[in-house]
Every structure is written in structure tokens, then in C-alpha cells.
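# coords please:
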Amino acid sequence: MTCQFNYGQMPSTSIFSFDFELEGDSLYLNNPAYLTSFNANGYNNQPSFFNRYEVYFSTNMYNDTLTEIAKLNILTKRLYRVTNTIESEFSPTLSPDPRFFSTVRIERNGRDQSLWLYPVDRSSYGRRLLEDLDNVGYHLWLSEEEVALFLVTNPISMAIANVETGNYNIILKNIGRCLRLNQNGEIIFVHKLSTKDWYLKKMDPESGTVKILTTTPSGKEDFEILPDGSIIMGNGSELLRYVDRGVNAQWQKVDDLKSLGIKNISRMAISEEKLIIVDAK
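Numbers count the residues shown, from 1 in each chain. Now for the predicted structure:
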């Protein structure tokens with residue numbers, strides 16, 4: 001699955017927020033809020049916290065056939081349009097230098113997918129990174145110079161690139177679209193060994209050492225890492241949590257969110273005390 005879309009058929013996705021509390025082995029969700037009533041049947045996806053309360057996300061609310069980046073303050077509910085281009089932007093991500101953020105941009109030819117860097121204060125129109133790569137699907141910053149990439153190749157691959165030199169190396173094949181860093185600086189990702197056998201793994205980007213954490217719920221690849229290092233993932237309307245305690249560790253059910261109308265938990269984002277969940281209809 002890539003971030004390429006038939007623009008007339010972008011999926012309907014909704015964003016919800018929750019307060020969360022960690023108490024020992026328990027995770028509690030409180031104060032649910034539906035955030036995207038302003039684009040109720042539209043595309044609202046790939047949320048990312050840029051600070052404690054401001055969430056950047058990709059949306060088609062400004063143009064049915066294109067996506068732009070918007071930001072929402074989840075306390076004041078103030079909504080602000082960030083980009084205004086004739087291209088589509090996805091996956092807004094704060095860079096290690098907080099003055100800048102990056103996106104994946106689908107270029108004017110409707111085919112090339114490139115990585116762009118913009119100033120948060122929008123003082124310029126931004127610039128393209130990694131000029132030789134036109135198949136970037138998703139990305140994760142490792143440092144100010146290095147970025148992990150989900151590349152739209154056949155099969156899908158993970159690469160690590162240096163944005164200063166433009167050099168990149170393919171690391172693995174058949175990965176999932178979600179890439180995260182844990183507290184130890186390891187890349188957490190889903191490795192799809194077959195159509196049925198999907199594993200959550202961690203990789204040391206320095207040594208290249210890869211270790212299996214656990215299997216994933218069937219067909220699921222989106223997850224988030226909590227402050228205590230445990231991992232959450234959706235399975236339909238259910239939110240699951242994995243605490244790494246060795247070979248016998250299992251996914252545990254946290255909550256079922258179907259009473260909120262959430263049927264298919266997909267992407268997530270987290271701040272100090274807030275959890276964002278996307279429901280993909």
C-alpha cells in the first residue's frame with residue numbers, strides 16, 4: 001500500500017483525540033473528541049503532533065481532488081491552512097530542527113512522489129530534498145541529516161538516506177508504511193514476510209541489527225509508541241497494547257471504540273498526554 005491515490009476516490013477518514021493515562025500495566029483513554037466535523041465525509045489523515053496541542057494533518061477539505069496540509073489546535077479547535085499548492089502534500093512531519101517540517105509531495109505529473117522541506121513559519125515555499133528519489137511514500141527523521149524512507153518500489157523497500165549528500169541505501173524489502181523511533185533510537189516497523197506473516201520488528205540504524213518483537217494482528221501495520229515504550233495498534237474498533245516482556249508477551253486489549261463510531265483504527269499520533277486516532281471508513 002502506498003500513498004498514491006485515485007484522487008476521485010480518496011478514502012473517508014476521521015480524526016479523534018483522547019486523553020490517556022498510564023498506570024502500571026494499564027492504559028486508560030478518557031475525554032474522546034471528534035475533531036474533523038469540518039470535513040465529515042472527506043479525507044483527514046496522517047496526523048502528527050508538532051507541539052503539545054497542535055496537530056498537522058493531510059486533508060482534501062480545500063479541494064476535492066488534491067490534499068493540503070492543515071493544522072488544528074485540539075484545545076482551542078482553531079483550524080489553519082498550512083499549504084496552498086497545485087500539488088498534493090501528505091505525511092507532515094516535524095524535522096529535528098523544529099523550524100522546519102517535511103512532507104511527501106505528489107508532483108504536477110501526478111506520479112512522482114518526492115520529499116520536501118518547508119519552514120514552519122512559511123517564510124518560503126520550501127525546497128525539495130533527495131532530488132534523485134521520486135518514489136518516496138513515507139518517511140521518518142533519524143537526525144538532521146538522515147531520514148528513513150518507505151520507498152514505492154517492487155517490492156516496497158526501506159532505505160536510509162542522507163539529505164545533505166543525496167546518497168541512500170536500501171536496507172530491507174516488504175516493510176509496512178509506519179516507521180517510528182523508540183527511546184533507544186531504534187526504528188520500529190512492520191516486516192511483511194508473506195501475505196499472512198507480518199512481524200513487528202526493531203532495527204538499530206547504526207549496526208543494521210534487526211530483532212523481532214512480535215507478530216501483528218492480521219493485516220495491521222499502523223502503530224504508535226507510548227512514553228513507557230509499549231506499543232499500541234488497532235484491530236478494527238479495538239485498541240491493542242504490546243508490552244515487551246520477552247517471548248511470552250502478547251497483545252492486550254485496551255478498549256473497544258465502536259461506541260464512538262470508530263470501526264477501523266489506522267494511523268495514530270501521540271503527545272505528552274494526548275492520543276490521536278484515525279478511523280478509516
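# what bits of the stretch 1-150 of the chain have low per-residue confidence?
Judged by pLDDT under 70, the stretch 1-150 of the chain has its weakly predicted residues at 1-9.
# can you rerun that using 80?
Residue ranges of the stretch 1-150 of the chain with pLDDT under 80: 1-9, 24.
# what's in contact with stretch 252-261?
16, 27, 29, 32, 34, 232, 237-243, 265, 277, 279 (Cβ atoms under 8 Å, 6 or more residues apart in numbering). For every residue, glycine as well, the C-beta is placed using N, CA and C.
# By neighbours, which of those wins?
In terms of neighbour count, Ile277 stands highest of the contacts of stretch 252-261 at 26 neighbours, by other Cβ atoms under 10 Å.
# Okay, and the beta partners of it?
Beta-bridge pairing of Ile277 under DSSP bridges involves Phe16, Met268.
# Pretty sure it sits against Ser237.
No: applying Cβ atoms under 8 Å, one finds Ile277 not in contact with Ser237, separated by 10.4 Å.
# Overlap in contacts, these two.
Counting by Cβ under 8 Å, 6+ apart, the residues touching both Ile277 and Ser237 are 257, 262, 265.
# and stretch 139-146, how far out from the chain's middle?
14 Å (Cα atoms, centre = their mean, to the nearest Å).
# hey, C-alpha coordinates of that stretch in CSV?
Below are the C-alpha coordinates for stretch 139-146, written out as CSV (Å, rounded to 0.1, in the frame of the first residue of the first chain):
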residue,chain,number,x,y,z
HIS,A,139,9.5,9.0,6.0
LEU,A,140,11.0,9.2,9.5
TRP,A,141,13.7,11.6,10.6
LEU,A,142,16.7,9.9,12.3
SER,A,143,18.8,13.0,12.6
GLU,A,144,19.1,16.4,10.9
GLU,A,145,21.0,14.6,8.0
GLU,A,146,19.5,11.1,7.9
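# contact partners of it?
So stretch 139-146 is contacted by 91, 93, 95-97, 102, 104, 115, 147-150, 160-164, 179-181, 185, 187, 205 (Cβ under 8 Å, 6+ apart).
# buried residues in it?
139-142, 146 (16 or more other Cβ atoms under 10 Å).
# Repeat that for stretch 198-213.
By 16+ other Cβ under 10 Å, the buried positions in stretch 198-213 come out as 198-203, 205, 210.
# Helix, strand or coil: sort out the closest residue to Pro96 other than its chain neighbours for me.
In this structure, Pro96 finds its nearest non-sequential neighbour in Glu144, 4.6 Å apart by Cβ to Cβ, 6 or more residues apart in numbering. Following DSSP: H, G, I helix; E, B strand; the rest coil, we place Glu144 in the coil state.
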